[in-house]
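Colleague: okay, sequence plus prediction incoming.
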Amino acid sequence: MIKTAVGLGQWSVGTALVGVLAWGNVSAQTAAPQQPTGQAGAYSLQVNAQIVVLDVVVLNSKGELVENLSKDDFTVFEDKTPETILTFEHNSPPAEKAVVPIESTKELDQKEPNAPVTILVMDEVVSRFEEIAFMRDAMKKYLSTQGDTLRQPTMLVAVNTDRMMILQDYTTSKKQIVDALSHHEAEHPWRSRSWQGEQFNAAVAALTGVAHAEAGHPGHKNMIWIGRGFPAINWTQLAESPVALARVEDVIQLCVNELRDSRVTLYTIDPAGVHMASTEVDAGGTAVDAALGGQWDFEGISRGTGGIPMHGYNDLNHLILTSVRNGESFYTLSYRPVVSSQNELAFRNIRVVMKDPNLHATTRSGYFTRPTEVSALHDSRGKMTAGTTRDLSVATQGLLIYDGVPFEIVRDAAKPDSFSLKVKVAGVTWEKADGQSEKATLTLAVESFDKKGKVLNHLGQTFNLQVPALASTVKDERTISLPVTIATAAPAARVRFVLRSDKDGKIGADNVFLIDKKEITDPATGRQLKEEH
């Protein structure tokens, strides 16, 4: 048994799991095969395999979505070199198709695993108090134009310098989103004009946290971020410290990569209506210095993911509507770059040109050739690395379901402190152990809480797994059972399980409620839970 001192905080190393965690190495055997429920094939942008996938929104001169286009209507350039489109698909919900009611992330993965979704984010990090109130009113005004059933499953999130709050899990019910808005009381942003480091970390942590939570859902995600995102950064002053500048650049690059890999498009809406300087383009329409050359702000990240930075104070609800609409109808295409880059820090510029000059295509401005880095579990001294600590820290907060590593929790009726996590073999990234088997390492963090959200017990385990290799033509329906024991006697009210795949950094997270949900307070929002939460 290895004991490691680990601190898992809110947005940074802090207090959520303060104390000593016991990290044990446990070998797990393959359980009897069982049918997966609602698990679709994972979406991935295979940059390492030299396949680039783009989601493209096409508008006409009136700003209207354009449908029924063919592959021949598009030309893709990467670093000014024309590319050959390999696959092409139009994603648009048929008008006659009935909306499938969704009440949670679990239902989304079971009923509509490939559906495009909307994530509404209220930024309380840098925004002034009056702007936060304006955001709430604008969202309600936008929702008033929608029917009782939303066309896309929608999640409502609020972010401040301390935490990310899931005000409403995925739902197609307009009433649930409106109720969540009405009950959310924003804290006064007393640090809005200082603490730039904390503000920067909070915005990045929220973006990467959502990317990790959504990694298992292959559908397109439109994240609509209402607020400024990053605080004002003095890039000139920052450049005087090459080490600090390199760290900021590295964090932003990795953030863009993680959003890309989870198929998240970020739309930013500035509630103050302040117009930022537009990106300079060359004669061919390619962005100049489009790489994160130490000058990218939050809007630069938006463009990097294929989103659109928007401004406008009096028509905020219309901007929300436009952003949601752009996530309903888009084209997905892929290509293999003609010219490969040997420089992992290079930024590859992408431009999509339409055959009809009256049409305008919006997609990601490019990508970094560097692969998305995954934090190692331990450093050279045997201590948990800061990256892994951060990932587990964010995932242990609140009630949000993470579907990056799908699993089912089974509680032993005869031994209430004993649980078993049924992990789908197909949902884990494996590597070859030998010619006949594959191996993987999973890291588990478990916490129990009272009904007010106070941490009672916590533990951690490392599972070294090995399974027989199957032929690529065989559908893998196996599960692995991971045993977990944690005290559940009163005052324990909830247990949260967070499982991380150490090969690719993907995370699964779920909760077991020990008492009636209506008696439990969400630790992130301070609200009483509802039966449909």
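Modeller: Yes, it's here. Residues are numbered from 1 along each chain as shown.
Colleague: so, low pLDDT: which residues of the stretch 301-450 of the chain?
Modeller: Counting by pLDDT under 70, the stretch 301-450 of the chain has low-confidence residues at 311-314, 341-345, 370-380, 382, 384, 387.
Colleague: helices of this structure, start to end?
Modeller: With helices called from DSSP state H, the chain shows them at 105-111, 129-144, 174-183, 196-213, 235-238, 242-261, 298-305, 316-326, 386-396.
Colleague: so this structure: which segments form each domain?
Modeller: The chain breaks down into these domains under automatic domain parsing: 2-43+375-519, 49-92+331-370, 99-328.
Colleague: let's have those domains in TSV, adding distance to Gln528.
Modeller: From N, CA and C alone the C-beta is placed, and that goes for glycine too. Listed next are these as TSV, based on distance: least, C-beta to C-beta, whole Å:
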stretch	distance to Gln528
domain 2-43+375-519	6
domain 49-92+331-370	38
domain 99-328	9
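Colleague: tell me which of the ones you listed sits most buried.
Modeller: domain 99-328 (a mean of 19; mean count of other C-beta atoms under 10 Å).
Colleague: how long is that domain from one end to the other?
Modeller: Between the start and the finish of domain 99-328 there is a gap of 13 Å, counting by C-alpha to C-alpha, to the nearest Å.
Colleague: go on, stretch 469-477?
Modeller: For stretch 469-477, the first-to-last residue distance is 13 Å (C-alpha to C-alpha).
Colleague: wait, what's in contact with Ile155?
Modeller: That one is not Ile; residue 155 is Met. Under the criterion of C-beta atoms under 8 Å, 6 or more residues apart in numbering, the contact list for Met155 reads Val117, Thr118, Ile119, Leu120, Ile166, Gln168, Asp169, Tyr170, Thr171.
Colleague: of these, closest to Gly460?
Modeller: Comparing these against Gly460 with C-beta to C-beta picks out Ile166 as the nearest, at 23.4 Å.
Colleague: how far away is the closest one from Ala180?
Modeller: Relative to Ala180, Ile166 is positioned 9 Å away (criterion: C-beta to C-beta, to the nearest Å).
Colleague: again with Val125
Modeller: When distance is defined by C-beta to C-beta, Val125 is 19 Å away from Ala180.
Colleague: likewise Gly219?
Modeller: 22 Å.
Colleague: from Arg348, how far out is Arg364?
Modeller: 10 Å.
Colleague: hmm, I was thinking of Ala395
Modeller: According to C-beta to C-beta, Ala395 and Arg348 sit 31 Å apart.
Colleague: for Val498, same thing?
Modeller: Spatial separation of Val498 from Arg348 under the definition C-beta to C-beta is 34 Å.
Colleague: now swap in Asp73 and tell me
Modeller: Computed with C-beta to C-beta, the distance linking Asp73 and Arg348 is 23 Å.
Colleague: what do you get for Val76?
Modeller: Per C-beta to C-beta, Val76 is found 12 Å from Arg348.
Colleague: please apply the same query to Phe330.
Modeller: Distance of Phe330 to Arg348, given as C-beta to C-beta: 21 Å.
Colleague: now swap in Ser329 and tell me
Modeller: For Ser329, the distance to Arg348 under the criterion C-beta to C-beta works out to 26 Å.
Colleague: name the nearest residue to Val52, ignoring sequence neighbours.
Modeller: Of all residues beyond its chain neighbours, the one nearest Val52 is Tyr335 (5.7 Å), with distances taken as C-beta to C-beta, 6 or more residues apart in numbering.
Colleague: can you check Ser329 too?
Modeller: What sits nearest to Ser329 in space, not counting adjacent residues and going by C-beta to C-beta, 6+ apart, is Ser92, at 4.2 Å.
Colleague: which residues touch the one you found?
Modeller: The neighbours of Ser92, taking C-beta under 8 Å, 6+ apart as the test, are Glu67, Glu328, Ser329, Phe330.
Colleague: out of those residues, which is nearest to Pro416?
Modeller: Ranking these by separation from Pro416, with C-beta to C-beta as the measure, puts Glu328 on top at 45.5 Å.
Colleague: quick one: residues contacting that closest one.
Modeller: Residues near Glu328 by C-beta under 8 Å, 6+ apart: Leu65, Ser92, Pro93, Pro116, Arg151, Gln152.
Colleague: pLDDT added to those, as CSV?
Modeller: Formatted as CSV, the entries for the contacts of Glu328 read as follows, by pLDDT from 0 to 100:
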residue, pLDDT
Leu65, 90
Ser92, 76
Pro93, 66
Pro116, 88
Arg151, 86
Gln152, 89
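Colleague: closest to Gln466 among the residues you listed?
Modeller: Pro116 (37.2 Å).
Colleague: what's the closest non-adjacent residue to the closest one?
Modeller: On the basis of C-beta to C-beta, 6+ apart, the spatially nearest residue to Pro116 that is not a chain neighbour turns out to be His220, at 4.3 Å.
Colleague: isn't the one you found right up against Asp55?
Modeller: Yes. With contact taken as C-beta atoms under 8 Å, His220 and Asp55 are classed as touching, separated by 5.5 Å.
Colleague: shared neighbours, the two?
Modeller: Once C-beta under 8 Å, 6+ apart is applied, the residues that His220 and Asp55 both contact turn out to be Asn91, Arg263, Thr265, Phe330, Thr332.
Colleague: quick revisit: out of the helices of the chain, which is closest to Thr521?
Modeller: Of all the helices of the chain, it is helix 174-183 that lies closest to Thr521, at 12.4 Å by C-beta to C-beta.
Colleague: tell me what that closest one is packed against?
Modeller: helix 129-144, strand 149-159, strand 164-173 (3 or more C-beta pairs under 8 Å, 6 or more residues apart in numbering; DSSP states H and E).
Colleague: what's in contact with it?
Modeller: By C-beta under 8 Å, 6+ apart, the surrounding residues in contact with helix 174-183 are 120, 136, 139-140, 143, 146-150, 154, 156, 167-168, 171, 527, 532.
Colleague: between strand 164-173 and that helix, find me the angle.
Modeller: Per axes from the mean of the first three to the mean of the last three C-alpha atoms, to 10 degrees, the angle that helix 174-183 makes with strand 164-173 is 150 degrees.
Colleague: how distant is helix 174-183 from the center of its chain?
Modeller: Using C-alpha atoms, centre = their mean, to the nearest Å, the mean C-alpha position of helix 174-183 is found 22 Å from that of the whole chain.
Colleague: stretch 442-453 too?
Modeller: Centroid separation between stretch 442-453 and its chain, computed with C-alpha atoms, centre = their mean, is 21 Å.
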